[in-house]
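Peer 1: Return atomic coordinates for the entry below.
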Amino acid sequence: MTGTDILGYAAGAITSLTFLPQVLKTWKEKSAKDVSLLMFIIAAINEVMWIVYGALLDNWVIILTNAIVLAMSLTMIFLKLRYNK
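Peer 2: Numbers count the residues shown, from 1 in each chain. Next up is the predicted model:
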C-alpha cells in the first residue's frame, strides 16, 4: 500500500463520519424538525453517483466512502420522515 493509498483511505474514513453527528443527534432526540430533508435527498443522489463513478474506475476508496455516507443519508431521510409526523 502506497502513501497515496493510505491518504485516500484516511480521507475516506473521515469523510464517512460527515453525517454521523447529525444521525446520532436525531436518533437520540427523536426529533428532525430542524433537519433539511432536501439536503439529504440531494446527498443520497450524489452518493449514488459517486459509487457508480468509483465502480467504473474500480476505486474502492470512492466506493466504500460513499456507500457509508449513502447509508447515513438514507438513515437521515428515514428519521426525518419518521419523526416529522
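
Peer 1: Surely N66 and A55 touch.
Peer 2: No - counting by CB atoms under 8 Å, N66 stays clear of A55, with 10.1 Å between them. In this view, the C-beta of every residue, glycine as well, is placed from N, C-alpha and C.

Peer 1: Skipping adjacent residues, who's closest to I68 in space?
Peer 2: Distances taken as CB to CB, 6 or more residues apart in numbering place S16 nearest to I68, at 4.0 Å, with adjacent residues excluded.

Peer 1: who touches that neighbour in this structure?
Peer 2: Under the criterion of CB atoms under 8 Å, 6 or more residues apart in numbering, the contact partners of S16 comprise 64-65, 68-69.

Peer 1: Whatever helix or strand M72 lives in - what's its average pLDDT?
Peer 2: Following DSSP states H and E, the helix or strand that holds M72 is helix 60-83. Per-residue pLDDT values across helix 60-83 average out to 95.

Peer 1: buried residues in that helix?
Peer 2: Going by neighbour count (16 or more other CB atoms under 10 Å), the buried part of helix 60-83 is 61-70, 72-73, 75-77, 79-80.

Peer 1: what distance separates that helix from the centre of its chain?
Peer 2: Averaged C-alpha coordinates place helix 60-83 at 4 Å from its chain's average position (CA atoms, centre = their mean, to the nearest Å).

Peer 1: Tell me the helices and strands packed up against it.
Peer 2: With contacts defined as 3 or more CB pairs under 8 Å, 6 or more residues apart in numbering; DSSP states H and E, the secondary structure elements packing on helix 60-83 are helix 3-16, helix 20-29, helix 37-57.
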